[in-house]
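**Q** following is a predicted model, sequence given first.
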Amino acid sequence: MPHTGMRRAIARRLTESKSTVPHFYLQADCRVDALLALRAQINAGREQRISVNDLVVKAVAGAMRDVPEANAIWTPDATRRFSAADIAVAVSVPGGLLTPVVRGADRLSISQLAATVRDLAERARESRLKQNELEGGSFAVSNLGMYGTTSFSAIINPPHAGILAVGAATRRPVVEEDGSLAAATVMSVTLSADHRVLDGALAAQWLAAFVARIENPLQILL
């Protein structure tokens, strides 16, 4: 099967990324029972439903607002910081993968964000995206939870400084603060970070802010 232009572009960009960008990885487990309950309330009676991934993208954008130093990319002459959270969302398409960018995700309501992601994903699968919709941003989200994958590490898509790999939410045993054992719904995430821009402490601070929003989901809507 001859390589398509998309396959060649993916191979070139990700080989360049893995070869030249110093990746490091941080992992966290998020309890998402409250998030799923909030999603069920939001979706009650709605025709256009909000997905878990929509809430994840919104939490990523909110964490950028909480830790603005992480909202940056590497350039040859300087670190470029952004005032808005433009977040790319990985979309599987026939023969490859596209990462359209949700502009100003931190300023959108969850309904607006969900509609934007849905529109971008539909047009990505129909090859109707414009080039400028695939450019920019500082960060990306890749979610394979719908396939049952519990955890994975994603490759950074330059010029982004990070990508969050999101696994499936599954029922697992957890230890409560009082030492008792309980069952909870847990989602594992892995942050791949560009060490040229994000040092370990800064990346950990950002990941903690993300987890806090996921586990206290009303913060996502604020």
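**A** It's in.

**Q** can you pull the contacts of the nearest residue to Val67 once chain neighbours are set aside?
**A** Distances taken as CB to CB, 6 or more residues apart in numbering place Trp206 nearest to Val67, at 4.5 Å, with adjacent residues excluded. Just so you know, the C-beta spots here come from the backbone N, C-alpha and C atoms, and that holds for glycine as well. Trp206 makes contacts with 63-64, 66-67, 70, 162, 191, 198, as judged by CB atoms under 8 Å, 6 or more residues apart in numbering.

**Q** a strand runs through Trp206, doesn't it?
**A** No - counting by DSSP: H, G, I helix; E, B strand; the rest coil, Trp206 is located in no strand; its state is helix.

**Q** ok, it to Asn71 distance?
**A** According to CB to CB, to the nearest Å, Trp206 stands 9 Å off from Asn71.

**Q** which residue is nearest the centroid of this structure?
**A** Val141 (2.3 Å; CA atoms, centre = their mean).

**Q** helix or strand for that one, which one?
**A** Secondary structure from DSSP states H and E places Val141 in strand 139-143.

**Q** note down every partner strand of that strand and its orientation.
**A** Sheet pairing for strand 139-143, assigned by DSSP bridges, gives strand 87-89 (parallel), strand 162-175 (parallel).

**Q** what's next to it, contact-wise?
**A** With CB under 8 Å, 6+ apart, strand 139-143 has contacts from 52-53, 56-57, 60, 64, 71, 85, 87-90, 99, 154, 156-157, 160-166.

**Q** averaged pLDDT, that strand. What do you get?
**A** On average, the pLDDT along strand 139-143 is 98.

**Q** can you give me the strands in the protein?
**A** 23-31, 72-74, 79-81, 87-89, 91-93, 96-98, 101-102, 139-143, 162-175, 181-194 (DSSP state E).

**Q** between strand 162-175 and the first one, find me the angle.
**A** Using axes from the mean of the first three to the mean of the last three CA atoms, to 10 degrees, one finds that strand 23-31 and strand 162-175 are set 40 degrees apart in direction.
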